[in-house]
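Give me a 3D structure for the following:
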Amino acid sequence: MALKVARRGAVPPFIAMEVLRDANERAARGENVLHLEVGQPSTGAPRAVIEAAKRALDRDQLGYTEALGIPLLRQRIARHYRDMYGVSIDPARVVITTGSSGAFLLGFLAAFDPGDRVALAAPGYPAYRNILVALGISPVNLLTGAGTRFQPTPALLDQVDGRIDGLIVASPSNPAGTMTDADSLRRLHDYCRARQIRMVSDEIYHGITYGMRPTTALAFGDDAIVINSFSKYFSMTGWRLGWMIAPTDLLRPIECLAQNLFISPPTLSQIAASAVFDCRDELEANVRRYAENRGLLLRQLPRAGFDRLAPADGAFYIYADVSQLTDDSEEFCRRMLADTGVAATPGVDFDAERGHQFIRFSFAGSAADIAAAADRLLAWRK
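The predicted structure is shown next:
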């Protein structure tokens with residue numbers, strides 16, 4: 001007799017990671033693979049972060065910290081909001097988490113009950129939807145497109161039948177790389193406040209923008225859950241560290257959940273991350289490289305037939321409409337990887353309804369890899 005397997009585990013896979021596995025298997029067989037499928041900086045942590053970690057390994061026992069994180073790092077993050085946005089944040093509201101994934105889990109658990117309904121843009125980051133489903137919360141897809149810059153709007157929210165308990169906003173977004181300007185974000189915030197909808201603002205790509213300054217939802221009030229990460233701009237992906245600015249009414253529930261689910265975030269990562277805010281020169285050099293990669297792909301992809309591209313305002317993604325080339329983005333990406341060694345993510349990862357006509361290219365890699373990928377795609381499409 002088979003033992004029970006919980007239904008919550010039957011969420012779809014994160015296809016970008018499945019593509020990564022396939023690409024890695026090909027590389028292990030000696031094939032030359034270029035990784036444009038995963039949103040991961042090709043650079044490691046800044047030097048000062050590495051040195052801080054080495055000192056901690058020599059001097060510190062690396063025991064548990066408080067569930068919400070070490071005070072020094074929480075204070076430093078609060079100062080970051082003052083310096084970058086001119087927003088004053090009480091360090092007590094800063095919650096250090098095990099990656100932004102831990103922040104989403106804690107935030108969703110604290111803010112929403114099973115059966116609640118949370119609206120989010122489609123296309124969008126698949127883990128939002130899959131975490132919500134695993135928790136018994138219903139995702140409500142807002143079918144965005146080029147007309148709304150792939151971002152949610154009050155008009156799209158007005159079209160939803162039934163109540164909405166939450167709204168996830170991502171600016172810059174994954175996979176489209178588009179941003180919500182300050183006025184649009186304010187309108188969304190005011191819409192949510194007027195209707196008692198909890199806003200969750202994903203700001204993990206702040207710092208990686210091209211000519212447009214990001215706005216934090218904290219500029220408009222203290223009722224939104226704001227989530228960020230050390231993985232993207234700060235180039236500390238494998239250190240698995242993120243943070244959340246929690247509304248005061250959720251702070252104690254989040255703390256109790258964190259104590260029981262995680263005990264504490266990784267101690268070594270927290271100590272090391274305290275140094276990263278003083279590494280702006282290295283971090284901005286990374287962003288300049290992303291900008292060069294972005295410019296190269298925006299020039300070369302249309303020459304290869306990928307000429308319907310979302311505006312890449314920020315992050316390190318280009319979302320391409322390939323409906324003129326295929327109606328099966330998964331098969332297209334498999335064939336492209338087999339024929340060229342260029343790995344990209346099919347759009348079905350981000351939009352189950354329309355993603356079969358889209359693919360996502362990540363330009364977070366080295367300049368040499370992005371240039372080589374463009375050359376291969378040009379030769380392939382010719």
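
From here on, just use CA atoms for contacts and neighbour counts.
OK.

ok, residues contacting stretch 148-167?
For stretch 148-167, the surrounding residues in contact (Cα atoms under 8 Å, 6 or more residues apart in numbering) are 112, 116-123, 142-145, 169-170, 176, 178-180, 184, 187-188, 191-192, 196-200, 310-311.

Over to stretch 353-365?
Contacting residues not belonging to stretch 353-365 are listed as 35-42, 123, 175-176, 290, 293-294, 316-323, 326-330, 333, 344-349, 370 [Cα under 8 Å, 6+ apart].

ok, now with 7 Å
Stretch 353-365 is contacted by residues 36-42, 175, 290, 293-294, 316-323, 326-329, 344-348, 370 when judged by Cα atoms under 7 Å, 6 or more residues apart in numbering.

next one: stretch 188-207
153-154, 164-172, 214, 217, 224-229, 232-233, 315.

so of those, which ones are in helices?
Counted as lying in helices by DSSP state H, out of the contacts of stretch 188-207, are residue 154.

Show me just the buried residues among the contacts of stretch 188-207.
For those, a burial check counting by 16 or more other Cα atoms under 10 Å picks out 153, 164-172, 214, 217, 224-229, 232-233, 315.

For PyMOL, write the select line for the buried members of the contacts of stretch 353-365.
The PyMOL command for the buried members of those (criterion: 16+ other Cα under 10 Å) is given here:
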select buried, resi 36+37+38+39+40+41+175+290+293+294+316+317+318+319+320+321+322+323+328+329+344+345+346+347+348+370
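
burial measure for the closest residue to residue 274 other than its chain neighbours, as a count.
Spatial nearest neighbour of residue 274, chain neighbours left out: residue 73 (5.2 Å); criterion: Cα to Cα, 6 or more residues apart in numbering. When neighbours are defined as other Cα atoms under 10 Å, residue 73 has 21 of them.

Just the pLDDT for residue 73.
The model reports residue 73 with a pLDDT of 98.

Buried residues, whatever helix or strand residue 73 lives in. List them.
Element membership for residue 73, per DSSP states H and E: helix 71-85. Applying a neighbour-count criterion of 16+ other Cα under 10 Å, one finds 73-81 buried in helix 71-85.

Could I get those in TSV, plus columns for distance to residue 64?
Formatted as TSV, the buried residues of helix 71-85 follow (distance: Cα to Cα, whole Å):
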residue	distance to residue 64
73	15
74	16
75	18
76	20
77	20
78	22
79	24
80	25
81	26
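
Any idea how far apart the tips of stretch 60-70 sit?
14 Å (Cα to Cα, to the nearest Å).

Ok, stretch 116-125 next?
Stretch 116-125: ends 19 Å apart by Cα to Cα.

Go ahead and name everything in contact with it.
137-144, 151-152, 164-169, 174-175, 350-351.
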